[in-house]
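Peer 1: Provide a 3D model corresponding to the input given below.
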Amino acid sequence: MSAVEAICPVEIPRAGFTFAPAMKAGPWVFASGHMAADYAVGIDPAVLAATRDLRSGARQEAEAAHIFRRLSGLLAECGADFSNIVRLDQYYPDWRAVPHYHRARHKAFKGTQGVPASTSILQDALLYPDASLHVEMLAHTRAGGEAIEVLRPDGLPVSSHMGFAPIVRVGDMLFLSGQMAEKDNDGIAPEARVPSTHHWKGSAIRLETDYIIRNKLKPALEAGGATLADVVKAQAYLSDPNDIPAFHDVWSQWFGDAAAALTVVPCATPGFNVIEASIEINIVAMRTDRNAERREIAVDDVSPVFASSAAAVRAGDLLMISGLIACDEGGLIPAARPDPRQPHFGSTAKAQMRHILDQAEALCAAAGARLDNVVRIQQFQTDLREFPQTVETWRERLGDRPLPISAVGVPGPLPVKDATIQLDLWVYIPPAGVEQRTRRD
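Peer 2: Below you'll find the model as predicted:
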């Protein structure tokens, strides 16, 4: 019996690799990189034909419906449905796609507990230039009889037109939706603003980060029976990369020695539903009072991008790795720096990827995992033209294994100057002796 399976893999003809639309790993189902594509010519011609003029309805809604039909089929292959979904992540190059996507999403989740924990971010570009939206999904099959609970504590209101769950709890795990320093669905909280009469009286990023942790994340975790010390993974999206040092300073003050895996990602400006917001944070936590295993993973040759974060955290059967960038104490590693004397020799993208995958393999080994059991690959790239080179490097490392991969174009700079690639990886740790295999149509 296999605990890690690629579900309905598909060859991507022009890219030269096999895409895993979903991965089943024990009780988990991961689906990455979903757009309304047919994997041969880009956006499915049926979607384009059905919305060829304005009488046919919004193309963005048709794209969303296409994605949800595909996710429904993948879940069915795993014995699950939309009621099993615990988290969604969405990226859009244009905010005007979002209301149409929400209409399709509400239809897809009709008859369930509702839309699960969700994060929506505006980004520069998607792999298919004609795509309006990109969706990532995480579900739990409840194979062990676990309940999937939606928690709606006071102080975390969600607009009715969005309707997602602030928190989803399954077993020991808590998934929190992306949080901004918003108050009562009415823009940034007054206490998280720099007064309009002042150039400086605090800074927006410090005030907003502190407000999110103090007034959103901490109470939400408490409602789910956890604390900040139980956080195992966080993603922070910032609309201004220059805010990263101030964000990290506030983050480290709150988390201290309770280091979580952390990925910090630049996004578009504006990048969030609240136009003036500077930051949005989502987190995953695991309640350790129930004897679940939480272990920070450290390797001598792997330093996390941010000193206050763990390089990786093992949370039960999942290994969550902090954002990986090809860097050392001096910045971007020398092997990845372009040589102006011979600019057409070598590949900086491949050099970055090889270093990153070396780090990932070392962390997996220290956690008792294997990189070929990776179930979620998020690539945040400042230049999507480097995507083929990243795939080639993955194939050097994993051969012909189907890749559960997504790539989103982000504005630079990344947290390390001159780096163009950041990876966010989740790896499943199956029972001993269980191998990965592929389930085909």
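Peer 1: so who does Ile297 touch?
Peer 2: Counting by CB atoms under 8 Å, 6 or more residues apart in numbering, Ile297 makes contact with 310-314, 319, 363, 366-367. Quick note: C-beta positions are derived from backbone N, CA and C, even for glycine.
Peer 1: for Phe30, see how far away the residue nearest to Pro219 when sequence neighbours are not counted is.
Peer 2: Once flanking residues are discounted, Pro219 sits nearest to Gly155: 5.5 Å by CB to CB, 6 or more residues apart in numbering. Going from Gly155 to Phe30 by CB to CB, to the nearest Å gives 30 Å.
Peer 1: re the thing from before, and the residue nearest to Pro219, what does it touch?
Peer 2: So Gly155 contacts 215-216, 219 (CB under 8 Å, 6+ apart).
Peer 1: burial measure for Gly114, as a count.
Peer 2: By other CB atoms under 10 Å, 16 other residues sit near Gly114.
Peer 1: pretty sure it sits against Met162.
Peer 2: No. Using CB atoms under 8 Å, Gly114 is not in contact with Met162, being 10.4 Å away.
Peer 1: secondary structure class for the residue nearest to Pro219?
Peer 2: State at Gly155, reduced to three classes by DSSP: H, G, I helix; E, B strand; the rest coil: coil.
Peer 1: quick one, strands of the stretch 301-441 of the chain?
Peer 2: Assigned by DSSP state E, counting those that start in this stretch, the strands in the stretch 301-441 of the chain fall at 312-315, 318-321, 327-328, 331-332, 374-381, 405-409, 421-428, 436-439.
Peer 1: with distance to Pro304 and mean neighbour count as added columns, please give these in a markdown table.
Peer 2: Output for these, formatted as a markdown table (distance: least, CB to CB, whole Å; neighbours: other CB atoms under 10 Å):
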| stretch | distance to Pro304 | mean neighbour count |
| --- | --- | --- |
| strand 312-315 | 8 | 27 |
| strand 318-321 | 9 | 27 |
| strand 327-328 | 10 | 18 |
| strand 331-332 | 15 | 18 |
| strand 374-381 | 16 | 26 |
| strand 405-409 | 21 | 23 |
| strand 421-428 | 12 | 25 |
| strand 436-439 | 27 | 16 |
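Peer 1: Val4: which of those strands is closest?
Peer 2: The closest of the strands of the stretch 301-441 of the chain to Val4 is strand 436-439. By CB to CB, the value is 4.4 Å.
Peer 1: what average pLDDT does that closest one get?
Peer 2: On average, the pLDDT along strand 436-439 is 53.
Peer 1: state the pLDDT value of Arg55.
Peer 2: For Arg55, pLDDT reads 68.
Peer 1: now the one helix or strand Ala6 maps to, how far from the centre of its chain.
Peer 2: For Ala6, the enclosing helix or strand under DSSP states H and E is strand 4-7. Distance, stretch centre to chain centre, for strand 4-7: 19 Å (CA atoms, centre = their mean, to the nearest Å).
Peer 1: list the contacts of the following helix or strand past that strand.
Peer 2: Once the chain leaves strand 4-7, the next helix or strand it forms, by DSSP H and E, is strand 10-12. Residues outside strand 10-12 that contact it (CB under 8 Å, 6+ apart) are 17-19, 21, 39.
Peer 1: now with 6 Å?
Peer 2: Residues outside strand 10-12 that contact it (CB atoms under 6 Å, 6 or more residues apart in numbering): 18-19, 39.
Peer 1: out of those, which is most surrounded?
Peer 2: Phe19 (21 neighbours).
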